Each structure stands twice: as structure tokens, then as C-alpha cells.
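In: Here is my input; please provide its structure:
(chains A and B)
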There are 2 protein chains.
Amino acid sequence: MYKLVEIDGGVCAAEGFFADGVSAGLKPNGAKDMAFVYAKSMCEIATTFTTNKMAAAPIKHFKAMGEFQTNFVLINAKNANAMTGSAGVEDIKEILSTLPEVAKNPVMSSTGVIGVRLPKEKIIAGTKLFDLNKRESNAAAEAIMTTDRFSKQKAYRIELADGSSFSIGAMAKGAGMINPAMATMLCFITTDANVSKAEMQSILNEKVEVTFNAASVDGDTSTNDTVMLLSNAKSGAFHKEAFAEALENIMRFLAREMVRDGEGANKLVTYKVSGAKDNKEAEIVAKALSNSLLVKTALYGEDPNWGRIASTVGASGAEAYEEKLTISFDDVCVYERGNIYFDAAMEAKAAEVMKKDAFTISCDLGIADGRFEAYGCDLGYEYVKINADYRT
Amino acid sequence: MYKLVEIDGGVCAAEGFFADGVSAGLKPNGAKDMAFVYAKSMCEIATTFTTNKMAAAPIKHFKAMGEFQTNFVLINAKNANAMTGSAGVEDIKEILSTLPEVAKNPVMSSTGVIGVRLPKEKIIAGTKLFDLNKRESNAAAEAIMTTDRFSKQKAYRIELADGSSFSIGAMAKGAGMINPAMATMLCFITTDANVSKAEMQSILNEKVEVTFNAASVDGDTSTNDTVMLLSNAKSGAFHKEAFAEALENIMRFLAREMVRDGEGANKLVTYKVSGAKDNKEAEIVAKALSNSLLVKTALYGEDPNWGRIASTVGASGAEAYEEKLTISFDDVCVYERGNIYFDAAMEAKAAEVMKKDAFTISCDLGIADGRFEAYGCDLGYEYVKINADYRT
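Out: All right, here's what the predicted structure looks like:
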């Protein structure tokens, strides 16, 4: 009925979208630190923003604009423009007012240190370096990185049965302050699908829950989290299920990439919880596991310490019973409904699984059919180093 | 009306209580690893146990005993006897059945690794080393340590206006798996106050909330958390307010000592939250701060990164507003209701505060009168080292 074809081009993959990254001197090492996403025609926008009550100035500015279409997003790294009050919002207005006239209802998005006013002059000078004809998705994806080790992009062309097609492409950043409470990172998605604003928003809301909101690096919800989906309808084509599937694939890929790139992280772990009272309780357990310091440090030590898994399940608040629980590392079952399969041989097998870069920890609560999958990483010395030294 | 006098003697400070610690070979380095608390006459017991659904065998055994008095508590370190099912409870019964006949309705308490059966023979052999006439509170407090760097004891004699007096003494352990969800550690308190079981339990419940439950090392709630308060009524004296005040002082001291001794911790931080909508919301904020990885690593880096404080307040879920919030490090105010007092001079002052071993971070939410005080520590390389290597 339809086919998802992975393509290159990230946020420029969909027809009519342009992007680039430039160096404006915000990052001390001269790396790219400002990006734009531009469309020649106006776009519908769907968004999800942080649930943090200290939402940053770009989010306040966006929300104050009410209902609108746009064709321009300005992004800077290194300064979050958070806790800067109404002055922070005025700074955004002043910066956006200097953009070329083709930018209609432009919006801004920021990431970096909290509590410092934006370096307006540097940012305005940076925007003068933009060439709106560029389709440099790699450069844009690099420019929005902070402590990220690699950039994150993904795009699909969706080919429909009638021969028509549309595309969705995205870029994201995020390596710290990643937590299930909201899509705690920046993600920009563009599409030429002919989708209505309402439908786009509703699909985005649904898919954010099982992708970005299922990912955790450190349990801290940032002030700036933003997922922004822009549609210019250029392709004239649309298919709801295909669009939803492609969007979910893209966001899950980027969410997992963010966790894999978690500050100091070496392991990407999928927590597959099943048999819970309901899906909500499965989600509580999966997120408790992905946020437990004791589990995260055991992962770092490559220690199949299943007792910490059991303890975290028990501490999560969800309904759980010692005699109904089953715990596996990939396909190595170490505890099953009261039976401890953890002799030296089994421990060695489980330890082998934990040496892998990516694996699954499964917990079957044995109660009912609730299930949820969350994504987490280990926590090692490097996380401490990065975060003890972040501002310096 | 009454006077609290700090005295030595820990868990043996109250009249008629005996305790000691011995080495039974559970700790590989030959350190003391088993302790008892014994009273010649029967005691009323008040307890609070973990909320973890995977409660360990000693807790299941205790709860199954129903209403009872006891005069003997057996404690072992190095093995938690958790996730061991009904076999774990049978092990306890077997061990306790070998105790001398003077031990009436004995109970057991364990701490250590989860998911391994108790080494019964070693433990039974260990109990043979007990001399029930010993009043070696220091040895008992040492024997219950796991990753603790120092032992924790406190005792008061309460002198009443009529010349009568009673005493309360305690010992505690706990350096990891410490979290506000319950008093996540072991604490044994003895008193010769003439207090009823019901009153003792009610005062204990109230005071645990603002002491042990306000302390966090790592946000993980253990399977074995236990606070046990034994009263033999020997003094014949009682005064409710005095008893409550002494108990609160003892438990707050031990809770703060546990945080100060948090795994790898170098700093004891008091999070003083005021101006919240109500006390419950103040508690949510204070505990969010004490559990935030980004705050904890900033403490470790001695970086007065107030933006992370603000972000954590905002992420906590409590009602909060950027323009009403005030943040101070001890008496150095860095952010006040929208004003950022964070020039180089102020940053240097705040950094000086953070170099101290103990200091206070205050957050006034500026909404109403809700207040709560929580106790937390930093998180550094040592925490990772201890927890990545725990079982090995």
C-alpha cells in the first residue's frame, strides 16, 4: 500500500526546504554554532515544548505569537536564553527583526547555558553569513550540537500506491538534560506532505510519547526542549498511516541516537517492560529503570546485577510481585518467577550480553498485558566530568 | 520544662540495652559484619519499612509475626536476603531458632547484595560469638556498615522537670540506595522511656518524614530499609514533646550523617525551599533538587550553576514562576525575582560557598508559605567507581 524509503538530506530532504550552519563565534573553538531552516513558501507548524515551568524565552516568544504560519527558524547553540525574563524575549524580537524580508513570522530556538543574556551582536552578525539557497543539512545538524559527539539526522521518502510521494526529514541535538518528562532536546522536522496542521499536531503528540519521551540520559528536563514539525505541502500527497509510521521511525531513530550519544554514555539499553497491570504502569517501570543511578552504574561496570533491576522495579511504585517477575538480559534469563538462574555459567553469559554496545533488558511483571519500551544509557566517569565542568 | 543532654553509648545508652558487633567472615577483609541488639526485658517495637514492592525476606518475616514484643534483633551486613522468596524467610527462621533461649521472638535485619541466599552456616557460627552482656555500641555500629566510610550513632538523656529522666540512643548505616521515598537504610533506636507502642509508632512516623525521608544520596529506594525503635520502659519516665524532639534530633543527625557519608560524596547540602504553594509542593521541589544529576555534578564541580537549580525547580512539577523565584547559596543571592545577580564578583562569592563541606541552597518560590528542607550530596567519580564495581 505504501513504501518507506530511507533517503539522505536530513532537514532538507523534503521539497522546498533549505538549511545551513555557520560559525558565529559562540562556540570558543570556532565550530558551527548557528543554523537556519527556511522554506520558500509558508508552512504549517506542529510543536511540542518542554513541560518545565521555567520555559526558555524562545518558547515564550513562540507561544505569544498565537496561531501563525512561518517559513523561517533560527537556531543557536551555546546559550539557552532561559531565566532571562522579558528581556530575553525582547532580545529575540530584536534579532529576528534584522533577518531578510523573505523570512515571514520567523521563530527562534536556543540551547546551551541557562541564565545568561544572548550575545545579540554576535548572533545578528551570524545571520548575515546565512545563504538561504543552501541545502546543507549536515552543516545545520552540526551547528545545533552542544555536548553531542555526533550529529543526528534521518529522512524518508514515502511512496504511495498511486505513484505519488512525499518526504519527511529531521535533525536533532541532545546529549544531556534528556528525560522522559518531555522531548528534552531540540528536533526540527520538515515535510512536503499535504497534511493539515491539526492532523500533524495530533500525530506528533502521539508519536512523541513513544519516542522522545521514552528516552532518558539523566532524568533532567531542560528549559528549552522543542520538537518542531514544519509542512509546506509541496508534494500535494498524503497518507495518514504512512506519514505516522515514517514520523515514528524518524523520531525513534533520533531518540535512540540521542541516548546513544548521551553524555559519557557507551551503551544504548532498551528496557522492554511487559506483563504490567496496564501500559501506564509499564511506562513507570521502564522509565524508573532507565533513570536509576544504580542500574546505570551497573551498566557502566558491565555487571549483570539483576538485583538492582528487581529493586528498581519494586521501588517504581507500579504493582509488582517478587514471585511473578521475570528478568532477562537479551535472551539470557537470570530470574524467573522466584527462580534464580544465576550460577557462574549464567552470570558469565549475562556478562557477555552487557559487553555489547546495545542490548535489551526485559522485565515481565507477569500480571497483565501492559507494555512499554524505554531507552537509556550507562553513567560513567565521563558524565561526571562533562557535567562538573560544563560551564568552564 | 525539660532538657536534652547529648550522651555517649549509642544503641546501649538507654538502660537495659546491650549490643555488640563480631566478625563472622561475611566481609572478605575480616571486618565486623554481624551485630545484635538485646534487652533483658521485653520491648515494644515501632517500625517503618521500605515501600519497595520487593521488600526483603527480613521484612516479610517481621510482618508475618503480627503483633508481638521482642528483646532481640540480629543484624548482618553483606547480604540483603532480598529476592530470595519463601526460602529466604525459612533461612531466617532457621537461623533465629539457633539463638540462645533468652532471645524471645527474635527478629532479623539484613543489608548487602540482592538476590543471593544467606550463608546460613557462617551466620549461625557468628551468633555463637555473641556475648549478650556486652555493651559495645561502637562495635555494633561498625558491624552494620556496608560502603559506609564511618559509623553513625547518637544518644540523648532527656531530663524532666520532676527530676526523672529517660534516654534514647541509635545507630544507623547507609551510604547508597538512599532516597526520599522511605527511610532507605537501617536504623536501630532503643529507649527506656515509658512510652506506649501506639504513641511511639505515631511519633516515629511523623519524624521519619522530615528526617530520613528528606535525605537522598542517589534516588534509589532499597529493598531492606528499616527503622526499628525498641522501648523497654525501664526508666518509668516519659514526656511526649521531649521524646519527640530528641527522636527528631537523633534521626535528623543520622540522616544528615548518612548523606555526608553518601557513596563518593564530599559535600552535604541542605536544600531549603520556602514560599511554595504548600508544604507538599516545597517537598517535591526540595527532593527534585537533591536528586538532580545535573545539580549533583555541579556540586561536585563546585560550580555555582544556578541555572540548573532554576531548571530543576521548573521541571519538578510544582507551581513555580521565573519572575517570583529567588535562589541563594548560603547568604549569596544569585537570582531574585527576575534579577540576575551573577557578575564575576558574585559568581566568585558563590563559588567560595560551594567550596565548603556543608552549605545551604535556598529557593524561595515567592508564591505562599509552603516550606521543606531536604538533604543531599554531590555525585563524583567515586560514586561511579563504587557502584560500577559493587559486586566484585
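In: Burial check on the closest residue to chain B within the stretch 101-250 of chain A, number of neighbours?
Out: Nearest to chain B, among the residues of the stretch 101-250 of chain A, is residue A:114, at 2.7 Å (Cβ to the nearest Cβ). The way it works is simple: take the backbone N, C-alpha and C, and place the C-beta from them, glycine included. By the criterion of other Cβ atoms under 10 Å in any protein chain shown, residue A:114 has 25 neighbours.
In: Could I get the contacting residues of it?
Out: A:56, A:80, A:82-83, A:223, B:305, B:307-308, B:310-311 (Cβ atoms under 8 Å, 6 or more residues apart in numbering or on different chains).
In: Out of those residues, list just those in helices.
Out: Under the assignment DSSP state H, the contacts of residue A:114 contribute B:307-308, B:310-311 to helices.
In: Show me which residues of the least confident helix or strand in chain A by mean pLDDT are buried.
Out: Sorted by mean pLDDT, DSSP states H and E, the helices and strands of chain A end with helix A:381-388, the least confident at a mean of 78. Neighbour-count burial for helix A:381-388 flags A:382-388 (criterion: 16 or more other Cβ atoms under 10 Å in any protein chain shown).
In: Could you report the pLDDT at residue A:182?
Out: At residue A:182, the pLDDT value in this model is 30.
In: now do residue A:272
Out: So, for residue A:272, pLDDT stands at 97.
In: That one in helix, strand or coil?
Out: strand (DSSP: H, G, I helix; E, B strand; the rest coil).
In: do the same with residue A:280
Out: The three-state assignment at residue A:280 reads helix, by three-state DSSP.
In: Which residues are in contact with residue A:256?
Out: A:215, A:268, A:375.
In: Actually, residue A:31.
Out: A:23, A:142-143, A:145.
In: Please repeat the previous calculation with a cut-off of 7 Å.
Out: Applying Cβ atoms under 7 Å, 6 or more residues apart in numbering or on different chains to residue A:31 gives the contacts residue A:23.
In: The one 10 residues further on now?
Out: Residue A:41 sits next to A:16, A:71, A:232 when contact means Cβ under 7 Å, 6+ apart.
In: domains of chain A?
Out: Following automatic domain parsing, one finds the domains of chain A at A:2-260, A:268-388.
In: how distant is the first one from the center of its chain?
Out: I take that to be domain A:2-260. Relative to its chain's centre, domain A:2-260 lies at 10 Å (Cα atoms, centre = their mean, to the nearest Å).
In: Then the last one?
Out: The chain centroid and the centroid of domain A:268-388 are separated by 22 Å, computed with Cα atoms, centre = their mean.
In: hang on, the earlier thing: and which of the contacts of residue A:41 is nearest residue A:285?
Out: Checking the contacts of residue A:41 against residue A:285 with Cβ to Cβ, the nearest one is residue A:232 at 41.0 Å.
In: rewinding a little: please identify which of the domains of chain A is closest to residue B:27.
Out: domain A:268-388 (18.1 Å).
In: Mind telling me what element the residue nearest to residue A:274 when sequence neighbours are not counted is part of?
Out: Excluding the flanking residues, the one nearest residue A:274 by Cβ to Cβ, 6 or more residues apart in numbering or on different chains is residue A:371, at 4.5 Å. Secondary-structure assignment from DSSP states H and E places residue A:371 in strand A:370-377.
In: Do me a favour and average the pLDDT over the top helix by length along chain A.
Out: In chain A, with assignment by DSSP H, the single longest helix is helix A:240-260. For helix A:240-260, mean pLDDT rounds to 93.
In: Now do it and strand A:370-377, the angle between them.
Out: If you take axes from the mean of the first three to the mean of the last three Cα atoms, to 10 degrees, helix A:240-260 sits at 40 degrees to strand A:370-377.
In: Now helix A:240-260: buried residues?
Out: Here helix A:240-260 shows A:242-260 as buried, counting by 16+ other Cβ under 10 Å.
In: circling back: just the buried ones from the contacts of residue A:41?
Out: Judged by 16+ other Cβ under 10 Å, buried ones among those: A:16, A:71, A:232.
In: show me what contacts the closest residue to residue A:214 other than its chain neighbours?
Out: Distances taken as Cβ to Cβ, 6+ apart place residue A:374 nearest to residue A:214, at 4.6 Å, with adjacent residues excluded. Contacts for residue A:374 (Cβ under 7 Å, 6+ apart) come out as A:180, A:214, A:216, A:271, A:286-287, A:289-290.
In: Adding distance to residue A:349 and secondary structure, write those out as JSON lines.
Out: Shown next, in JSON lines, are these (distance: Cβ to Cβ, whole Å; DSSP: H, G, I helix; E, B strand; the rest coil):
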{"residue": "A:180", "distance to residue A:349": "30", "secondary structure": "coil"}
{"residue": "A:214", "distance to residue A:349": "27", "secondary structure": "helix"}
{"residue": "A:216", "distance to residue A:349": "27", "secondary structure": "coil"}
{"residue": "A:271", "distance to residue A:349": "20", "secondary structure": "strand"}
{"residue": "A:286", "distance to residue A:349": "23", "secondary structure": "helix"}
{"residue": "A:287", "distance to residue A:349": "27", "secondary structure": "helix"}
{"residue": "A:289", "distance to residue A:349": "20", "secondary structure": "helix"}
{"residue": "A:290", "distance to residue A:349": "23", "secondary structure": "helix"}
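In: Can you add neighbour count and give these back as a markdown table?
Out: Shown next, in a markdown table, are the contacts of residue A:374 (neighbours: other Cβ atoms under 10 Å in any protein chain shown):
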| residue | neighbour count |
| --- | --- |
| A:180 | 24 |
| A:214 | 26 |
| A:216 | 29 |
| A:271 | 25 |
| A:286 | 30 |
| A:287 | 24 |
| A:289 | 24 |
| A:290 | 26 |
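In: re earlier: mind checking which of the buried ones among the contacts of residue A:41 are in strands?
Out: residue A:71 (DSSP state E).
In: The least confident helix or strand of chain A - contacts with which helices or strands?
Out: Applying 3 or more Cβ pairs under 7 Å, 6 or more residues apart in numbering or on different chains; DSSP states H and E, one finds that helix A:381-388 contacts helix B:293-300, helix B:381-388.
In: nearest to chain A, of the ones in helices among the contacts of residue A:114?
Out: When the ones in helices among the contacts of residue A:114 are compared against chain A (criterion: Cβ to the nearest Cβ), the nearest one is residue B:307, at 2.7 Å.
In: Tell me the pLDDT of that closest one.
Out: Value listed for residue B:307 in the pLDDT field: 88.
In: Find the nearest non-adjacent residue to it, please.
Out: Residue B:307's closest residue in space is residue A:114 (Cβ to Cβ, 6+ apart), at 2.7 Å.
In: Can you list the buried residues in the longest strand seen in chain A?
Out: Among the elements of chain A assigned as strand by DSSP E, the one spanning the most residues is strand A:34-49. For strand A:34-49, burial by neighbour count (16+ other Cβ under 10 Å) applies to A:34-39, A:42-49.
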